[in-house]
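A.B. asks: only geometry, no sequence info:
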């Protein structure tokens, strides 16, 4: 039973990491897709996805990597 709070904390951390990654990809990928749509280009979706993944990894490092 003493290990249960640590398991819960680890599970919450994994869900937080998953949420950061998905939200970064969806937000910045969507912004890139919208920019592609309005500017009639073909590469900004990829740029948005890369920015979103990079930003999410940076936020994950800030929150969990320095502990």
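C.D. replies: All right, it came through fine. These numbers were taken from a predicted model, which means no experiment stands behind them.
A.B. asks: tell me the helices in this protein, going along the chain?
C.D. replies: For the chain, the helices defined by DSSP state H occupy 4-39, 44-60.
A.B. asks: From the contact counts, what lies against the shortest one?
C.D. replies: Spelled out, that is helix 44-60. Helix 44-60 sits against helix 4-39, with contacts defined as 3 or more C-beta pairs under 8 Å, 6 or more residues apart in numbering; DSSP states H and E. C-betas here are computed from N, CA, C, even on glycine.
A.B. asks: sorry, back to before: go through the helices of the chain and pick out the most buried.
C.D. replies: Comparing these by mean neighbour count (mean count of other C-beta atoms under 10 Å), helix 44-60 ranks first with a mean of 17.
A.B. asks: Can you tell me what sits against it?
C.D. replies: Contacts to helix 44-60, defined as C-beta atoms under 8 Å, 6 or more residues apart in numbering, come from residues 17, 20-21, 23-33, 35-36.
A.B. asks: Spatially central, which residue of this structure would that be?
C.D. replies: Note on the chain: the residue nearest the mean C-alpha position is residue 21, at 2.2 Å, using C-alpha atoms, centre = their mean.
A.B. asks: Contact partners for that residue?
C.D. replies: So residue 21 contacts 53, 56, 57, 60 (C-beta under 8 Å, 6+ apart).
A.B. asks: go with 7 Å
C.D. replies: Counting by C-beta atoms under 7 Å, 6 or more residues apart in numbering, residue 21 touches residue 56.
A.B. asks: so what's residue 7 up against?
C.D. replies: No contacts exist for residue 7 under C-beta under 7 Å, 6+ apart.
A.B. asks: which stretches of the protein have low pLDDT?
C.D. replies: 1-4, 67 (pLDDT under 70).
A.B. asks: hang on, the earlier thing: relative to residue 44, how far out is the residue nearest to the centre of the chain?
C.D. replies: 20 Å (C-beta to C-beta, to the nearest Å).
A.B. asks: same question, residue 18
C.D. replies: 25 Å.
A.B. asks: Same question for residue 9.
C.D. replies: Taken as C-beta to C-beta, the span from residue 9 to residue 44 is 38 Å.
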